[in-house]
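> just to be clear, the model below is a prediction. Sequence and coordinates:
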Amino acid sequence: MIYIEIMKKFIASLALLQELYDEDIKIQDILALFIVIALTENGTRTFTDIDVQALLESKFEIKIPLAVVRDIIRSRLIRKWEIVDRGGNKKTYVRKNALPSEILKKLDIFKNEYDAALKNFRKVEKSFLEYAKSRCLLSGADDSALTDSLINYILNHEIEDISSIDLDVKKAGFINNRINKCVNLFIASLEDKGEIRSLLNDIRGGHIIYYGLQHQGLDEKIFQDELLFILDTEILFHASGLHGSLFKQLFEEFYTFVERVNAAKKKKLIRLAYTHDIRKELEDIFTYAEYVIEGTRQLEPGHSALENIVNGCSSKSCIRQKLSKMITGLSSQYGVNEIPEYSPKSKEYMDYNIIDQDFIDELVDECGRDADYAYKILSRINTACIARKGYIPSKIYKAKAILLTGKQCTIKAAIETTKRMSERWSLPCALGISQTTNTLWYLVGGGSSVPLSADIAVKAKVALSTYINRNIHDRYISLEQQVRNGELDMDAAKDMYVSLRSRTTEPDDIHANNVESYVDILLMPEEEYKNTISMLEAQREINSMIKKKAMPVLEQDLRNARTIYKWCRIIFTALKNIMLIAALALITYQLWLNTPKLVKYVGILIEIVIVIIFNIDKVKIINKLNRAFYKPCANMYNRIKQLEDIVNHGR
């Protein structure tokens, strides 16, 4: 409960940050107001940069980098507003006794708006709790858990597991999935409620600004280097309008900020392109559309782009014309053209390759798709990573290359790629269009109102249409299976197919006045939902009994695995060192026989340095060698991790 109250203070601060930004107040002046309020309410007279940073966090739950705090104190509080003086030493400051009337007036407005934001969010919270319990059948969920889910949704965080309900992971995941859909339905139902929508958008806009402050200095120079955006297939569909008008608007908003950067730099600093692999996928999709027109393939419900390609066409030539028009339009309207592939097999790029079989296997499990699909995703991420040539950026304007995608699986794989490449946080090789647009909006000072990509109602519409189309597609696959198994006759199947196809949904189709009509697709009926919960609870009891009986055996397996892994490491470490010593001994012998005395000693010194480097894991090349030596132990290590997860969960 304490955590939820802290988060409410945080989002009220974010809302205020955006509201003041809407009023065309500079970020430096807004932060200065935050600082003055924190100092005056705390009664602080003498302070340091670190004191101010701590006060901002305790009062408003915002963490501002020390360099930014220092800049605000000096540029605003000392020089511009003249309400603070330097202290007795360089590290301290002293607040003056009286504040000017103009500043006092600003502080009163600040306090009122902050209190109003907090009060209004509590109203939204109350409405959501009522909606979740009455409409989504979530009366068994804890209020704080539901509020936490709403806050995480607004801030684009993952919805957390509901820890207040003592259930196994499968049931928690089942309920969380329902909560996520419920939040989207609730937000979509608020589309016409301007005041609430405005508050939530202010929170989201404030969060973009806040995030920007964490990663960029106020006076830092931006967009000095060229940046390549590689557009994935679905982004090209966005640009062409084949995913509906809302997605096209989102792309055009992104493109507007790209153009603003290029205009400011007076050259095409940011380029948009696609690869031959992506072009081929486009052609394959249009070829499938031709088969649909011929009647040799069926149009699978839930694919809005394919639906729009087929619509209005009765011949293969019509489909080909649409493809040609799309490619031409991408080039003429947005300057999007095909670029050469970066082959990971070439000597020039081999060192930057991220693809390996283990990574493919991980992605198959993560995405629930086959190895070919996983390889395709990694290949596209690989193209962006190769274009960076090993550079690991932390900021978008230093990224060199980014794959712009609409697939969550691709984004997750890109995040995992950055973790493999660097221990510190770095910008993934693939990003979503909304995140990218939001960042560009902040960097170029995009205007007072939040971008369409950050609009809370847009997020809900996009999420709901994705859920609906996925659900429809799954039902279609089930329908096909029933026909193959002889469980359903063709006439009934055709009627159901027509019904499913008619429910394929674009974000533009979803509005506050019709969102309730999608509830039956997204949420299980009450009786089925309760039966599923009961079934999962019963399965939990069975699993618990099985685990108790199996636990002694698993614990013994874990002890054995750890012993084997320990000896595996010892043996391969010894082999590595023996090989190193033998190689160095041979070099020393050759040096001692054939070279002058000075060269001998220099050679031995070099060998000592090599030995030291060889044992520093953070050196990239040596790290690769170490992984090669210890690879035979990797399977046993993975087995230990699996057993630890099972044993810990069982306990």
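Nice, I can see it.
> does residue 464 touch residue 185 like I think?
Yes - between residue 464 and residue 185 a contact is recorded at 7.0 Å, counting by C-beta atoms under 8 Å. In short, each C-beta sits where N, CA and C put it, glycine included.
> hey, what's in contact with both of the two?
515, 518, 522 (C-beta atoms under 8 Å, 6 or more residues apart in numbering).
> inside helices: which ones of the residues you listed?
residue 522 (DSSP state H).
> min pLDDT across the shared contacts of residue 464 and residue 185, which one?
Here the lowest pLDDT out of the shared contacts of residue 464 and residue 185 sits on residue 522, with 76.
> how many neighbours does the closest residue to it other than its chain neighbours have?
Using C-beta to C-beta, 6 or more residues apart in numbering and skipping the chain neighbours, the partner closest in space to residue 522 is residue 181 (4.9 Å). A total of 21 residues lie near residue 181 under the criterion other C-beta atoms under 10 Å.
> wait, residue 181 touches residue 519, no?
No - counting by C-beta under 8 Å, residue 181 does not reach residue 519; the two are 9.0 Å apart.
> residues shared between the contacts of these two?
Counting by C-beta under 8 Å, 6+ apart, residue 181 and residue 519 have no contacts in common.
> before we move on, back to that, need the pLDDT of the residue nearest to residue 522.
Reported pLDDT for residue 181: 88.
> so who does it touch?
Contacts of residue 181 (C-beta under 8 Å, 6+ apart): 136, 464, 467, 522-523.
> centroid residue for this structure?
With distances taken as C-alpha atoms, centre = their mean, the residue of the chain nearest its centroid is residue 411 (6.3 Å).
> where's that one, which helix or strand?
helix 408-421 (DSSP states H and E).
> the strands in the stretch 351-500 of the chain, which residues?
Under the criterion DSSP state E, counting those that start in this stretch, the stretch 351-500 of the chain contains strands at 401-405, 430-432.
> packing partners of the last one?
Helices and strands in packing contact with strand 430-432 are listed as helix 371-388, strand 401-405, helix 408-421; criterion 3 or more C-beta pairs under 8 Å, 6 or more residues apart in numbering; DSSP states H and E.
> which one of the ones you listed lies closest to residue 483?
helix 371-388 (25.1 Å; C-beta to C-beta).
> pull out the buried positions in that closest one.
If you call a residue buried by 16 or more other C-beta atoms under 10 Å, then helix 371-388 has these buried ones: 374-388.
> closest one to residue 403 out of these, please.
Checking the buried residues of helix 371-388 one by one against residue 403 (C-beta to C-beta), the nearest turns out to be residue 384, at 4.4 Å.
> that closest one: what's it in contact with?
By C-beta under 8 Å, 6+ apart, the contact list for residue 384 reads 228, 230, 401-403, 429-430.
> low-confidence ranges in the stretch 151-300 of the chain?
158-175 (pLDDT under 70).
> now the helices: where do they sit in it?
169-189, 194-215, 233-240, 245-265, 276-294 (DSSP state H, counting those that start in this stretch).
> still on that earlier bit, ok, of the contacts of residue 384, which one's closest to residue 28?
Set against residue 28, the nearest of the contacts of residue 384 by C-beta to C-beta is residue 402 (29.1 Å).
> tell me the predicted confidence for that closest one.
96.
> phi, psi of residue 302?
With angles defined as degrees, to the nearest 10, residue 302 sits at phi 100, psi -10.
> with residue 515 as the reference, measure out to it.
Applying C-beta to C-beta, to the nearest Å, the value for residue 302 to residue 515 is 19 Å.
> those two: who's more crowded?
residue 302 (24 against 21).
> and stretch 552-571, how far out from the chain's middle?
37 Å (C-alpha atoms, centre = their mean, to the nearest Å).
> now that stretch: average pLDDT?
74.
> with stretch 582-592 instead?
66.
> so for the nearest residue in space to residue 490 that is not next to it in sequence, what's the pLDDT?
Leaving aside its sequence neighbours, residue 490 sits nearest to residue 483 (C-beta to C-beta, 6+ apart; 6.8 Å). We note a pLDDT of 83 for residue 483 in this prediction.
> residue 483 against residue 493, yeah?
Yes - the criterion here is C-beta under 8 Å, and residue 483 meets it with residue 493 at 5.0 Å.
> need the contact list for the closest residue to residue 399 other than its chain neighbours.
Nearest residue to residue 399 in three dimensions, chain neighbours excluded: residue 393, at 4.6 Å (C-beta to C-beta, 6+ apart). Shown in contact with residue 393 (C-beta under 8 Å, 6+ apart): 399-400, 426-427.
> could you dump these to a markdown table with neighbour count and distance to residue 349?
Output for the contacts of residue 393, formatted as a markdown table (neighbours: other C-beta atoms under 10 Å; distance: C-beta to C-beta, whole Å):
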| residue | neighbour count | distance to residue 349 |
| --- | --- | --- |
| 399 | 23 | 17 |
| 400 | 18 | 14 |
| 426 | 18 | 19 |
| 427 | 22 | 20 |
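> in those, find the pair that's most separated.
So, the contacts of residue 393 by C-beta to C-beta: farthest apart are 400 and 426, at 12.1 Å.
> sketch out the low-pLDDT regions of the stretch 501-650 of the chain for me.
524-551, 553-554, 576, 580, 583-584, 586-650.
> and residue 473, how far is that from residue 486?
For residue 473 relative to residue 486 (C-beta to C-beta), the value is 23 Å.
> so which of the two has more stuff around it?
Using other C-beta under 10 Å, the more surrounded residue of residue 473 and residue 486 is residue 473, with 16 against 7.
> residues in contact with that one?
300-303.
> so what pLDDT did it get?
The model's pLDDT for residue 473 equals 83.
> and if you look at residue 139?
So residue 139 comes in at 77 (pLDDT).
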